[in-house]
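**Student:** could you look at this predicted model? Sequence included:
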Amino acid sequence: MRRPFQLLLLLFVVLGVFYPTLFAESLSIDDNQMLLAYLNQPSLDWQALFFPTGGLYYYRPLVGLSFFFDAAALGGEFPLIHFENILIHAANTLLLFLLLHRLTTGKNDAKKTNLAPFLIAAFFGLHPLTAEPVNWISGRTDLLACFFVLLSFLLFLRNTGKKITLDLLAALAFLCGLWSKEVAIGLLPVVAFRCIQEAQGSLIKIWRPLALRLSPFLGALLLYGYLRTGGQISHDVGVMTALHGGHGAEAFPLAAKLLSAIKAIGFYSHKVLWPFPLNFAIVEINRPVALFCGLFSLAVFAVALLFFRRRLFMLGPVWFFCFLVPAVPIAINRMAWTPLAERYLYLPLIGLCLLLASLFARQKNQAIPACVLAILLLAFGTATAQRNIVWQKNLTLWEDVVHKSPSFAPGHNDYGLALLREGKRTEAEHHFRIAKQLTAATAKDNDNQDKPKMNLALMEEGLDQQIAALEDILRKEQTAAPRQRTITMLLSLYNRALLEEKGASRLWLAKMIPLYQELFTLEKNPYHLYRIGQLQLALGNREDARRSFETVCRTSNDYYTKPACTLAERLAQKSNKE
């Protein structure tokens, strides 16, 4: 089969297996809030996106740009957004095919049958570990990073004449990968390793051409670092958390972190070979097995690197470890809501594909390995298709999570929300109470302790009872993030109370003002001052309202800014007349 037809067949297979994803809901954990934020964004702030002034936890401008496009051009329609994720994954599969074809087919073998690129690319496209980043809208970070990493590496390999133009294009694609997700930094050591493989002689002799080819990539990395931190790396929250830890991990001893790193490597090394059971919330692992697998995989890798570094098949293990290492700080420094995740293996999985393709291509008789791969493709493709169906609804996904991770409190909370949307109040309340018990037993710095409490409060029969329950939670809550969520929910209930009374109640209006003031202190969002001005105006406090509107007029540039300026001017004129 000719290459164009192979590419079309790969595209058809990937789209077919991920077809159920088109009908998937948005995930309750963050997809709804994220897309709503972009839908409510009146215009794209390029400066804030690419040139942030404060220390950000995440700096992924291309991902933000893609989500803004989803909101502006696609109207936030979930089938289209899911289809976009599928297309990016399909493009990654095709790029991998081209990469494998370049690496495993020499000039003298161009006319020979080589099944490795097609079968291994299909292996990647249908692998069950790809289900999570493709189905989860927020998982697009891994998809985009992989796309630009593969494109960059292909451009680098194509530059056999060592033309600076191609290397600059490869470095630009590398920068786009970094702008998609930080894990793309793994490409830099991969490129260096490939340069060493292709060069003849010792490092002392090849350091000049090595430095010349790496310089565009190093320049892209330095530019990324400067744009991300503004030249002040100590102000970067994400980098500092990766180095020192967060949410209590700062106090962990170095030895404990090293042991956790080995366990994480062992878990991922085992998971990439046998991905089952699939789980969106991996919070518990077999630690002795993970430790053994970690030590074993590191030992085998070190020996292979020492004796076989010039062999093509070593590119696969080097790729795997280079793209796995950026995920290790997440496991040991509490940087995400789960320490381990299947989506972190999306890019390292390419390393396994490179290894299998190089070993496959070395076989003179490809019939037997082709049959083995075909059976594996059928099994993995079936598992991925079934997993896509699980991901279609919040109800089925969170049911799977609580079944496989019964001690995971956020899973029970979101499962309760999914049950509530289905009208199953009794079952929902049961899982909210489980989540409440589990969060009560966790560390004090857990920012999710308030969610099951709030959900139980909102299940009260009357509006007055719901308000009383949330006010009680707010009085006891001291942590910033939970207070912020509770205040937001309480304000929505106060607004409902105002509507149900069919008139402006001074009691509700007076209660709302200090809550908006606290929200402004926590979020620094001028919109809260605008709402305070409106409430003060409704209460007849025109001077206080004028000061609020004037502050909004000076400090904001949003859809409410012009009305705030107009109101401030009118109130000032009335005050002068009086």
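**Tutor:** The structure has been received and is ready for your questions.
**Student:** need the CA coordinates for stretch 13-29. PDB is fine.
**Tutor:** Below are the C-alpha coordinates for stretch 13-29, written out as PDB (Å, rounded to 0.1, in the frame of the first residue of the first chain):
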ATOM      1  CA  VAL A  13      -9.200   4.000  12.000                       C
ATOM      2  CA  VAL A  14      -8.500   6.700  14.500                       C
ATOM      3  CA  LEU A  15     -11.600   8.700  13.700                       C
ATOM      4  CA  GLY A  16     -13.700   5.500  13.800                       C
ATOM      5  CA  VAL A  17     -12.500   4.400  17.200                       C
ATOM      6  CA  PHE A  18     -12.900   7.800  18.800                       C
ATOM      7  CA  TYR A  19     -16.300   8.500  17.100                       C
ATOM      8  CA  PRO A  20     -18.100   8.100  20.500                       C
ATOM      9  CA  THR A  21     -16.200  11.000  21.800                       C
ATOM     10  CA  LEU A  22     -18.200  13.400  19.600                       C
ATOM     11  CA  PHE A  23     -21.200  12.800  21.900                       C
ATOM     12  CA  ALA A  24     -19.300  13.200  25.200                       C
ATOM     13  CA  GLU A  25     -20.300  15.800  27.800                       C
ATOM     14  CA  SER A  26     -17.900  18.300  29.300                       C
ATOM     15  CA  LEU A  27     -16.200  17.100  32.400                       C
ATOM     16  CA  SER A  28     -17.500  18.600  35.600                       C
ATOM     17  CA  ILE A  29     -14.100  18.900  37.200                       C
END
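**Student:** for that stretch, what is the distance to the chain centroid?
**Tutor:** 17 Å (Cα atoms, centre = their mean, to the nearest Å).
**Student:** I'd say I88 and L144 touch.
**Tutor:** Yes: here I88 reaches L144: they are 6.4 Å apart, a contact under Cβ atoms under 8 Å. (Each C-beta comes from the backbone N, C-alpha and C, glycine too.)
**Student:** between these two, tell me which one has more neighbours.
**Tutor:** Set I88 next to L144 and count neighbours by other Cβ atoms under 10 Å: L144 wins out with 25 against 19.
**Student:** where does the stretch 101-250 of the chain have low pLDDT?
**Tutor:** 106-113, 200-205, 231, 233-235, 237, 240, 242-250 (pLDDT under 70).
**Student:** how about the helices in it?
**Tutor:** Using DSSP state H, counting those that start in this stretch, the helices of the stretch 101-250 of the chain run over 116-125, 131-135, 140-158, 164-180, 187-198, 203-229, 237-244.
**Student:** between those helices, which gets nearest to L295?
**Tutor:** Minimum separation from L295 across the helices of the stretch 101-250 of the chain (Cβ to Cβ) falls at helix 187-198, 21.7 Å.
**Student:** contacts for that closest one?
**Tutor:** 149, 152-153, 156-157, 174, 177, 203, 206, 209-210, 213-214, 217-218, 221, 309-310, 312, 314-315, 318-319, 322-323 (Cβ atoms under 8 Å, 6 or more residues apart in numbering).
**Student:** so how do I select the buried members of those in PyMOL?
**Tutor:** Per 16 or more other Cβ atoms under 10 Å, the buried members of the contacts of helix 187-198 correspond to this PyMOL selection:
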select buried, resi 149+152+153+156+157+174+177+210+213+214+217+221+312+314+315+318+319+322+323
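**Student:** thinking R546 is in contact with L571, fair?
**Tutor:** Yes: with contact defined as Cβ under 8 Å, R546 counts as touching L571 (3.9 Å).
**Student:** what's the first helix or strand after the worst-scoring helix or strand of the chain on mean pLDDT?
**Tutor:** Least confident helix or strand of the chain, by mean pLDDT, DSSP states H and E, is helix 237-244 with a mean of 69. Remark: after helix 237-244, the chain's next helix or strand is helix 254-273, criterion DSSP states H and E.
**Student:** am I right that L420 is in contact with H430?
**Tutor:** No: counting by Cβ under 8 Å, L420 does not reach H430; the two are 11.2 Å apart.
**Student:** for E342, which non-adjacent residue is spatially closest?
**Tutor:** Nearest residue to E342 in three dimensions, chain neighbours excluded: E132, at 4.6 Å (Cβ to Cβ, 6 or more residues apart in numbering).
**Student:** list the contacts for the one you found?
**Tutor:** E132 sits next to G139, L278, F280, A341, E342, R343 when contact means Cβ under 8 Å, 6+ apart.
**Student:** any of those residues buried? List them.
**Tutor:** G139, L278, F280, A341, E342, R343.
**Student:** pretty sure the second one sits in a strand.
**Tutor:** No: L278 is assigned coil when assessed by DSSP: H, G, I helix; E, B strand; the rest coil, not a strand.
**Student:** strands along the stretch 451-578 of the chain, start to end?
**Tutor:** Here the stretch 451-578 of the chain has no strands by DSSP state E, counting those that start in this stretch.
**Student:** any weak-confidence spans in it?
**Tutor:** For the stretch 451-578 of the chain (pLDDT under 70), the answer is 502-504, 578.
**Student:** element containing N32, please.
**Tutor:** Residue-wise, N32 maps onto helix 31-39 under DSSP H and E.
**Student:** could you measure P317 against P348, distance?
**Tutor:** With distances taken as Cβ to Cβ, to the nearest Å, P317 is found 10 Å from P348.
**Student:** and these two? which has more neighbours close in?
**Tutor:** Between P317 and P348, counted using other Cβ under 10 Å, the more crowded position is P348 (24 against 19).
**Student:** domain parsing for this structure?
**Tutor:** Annotated domains of the chain cover 3-392, 393-459 [automatic domain parsing].
**Student:** now do the same end-to-end measure for the first one.
**Tutor:** In other words, domain 3-392. 33 Å (Cα to Cα, to the nearest Å).
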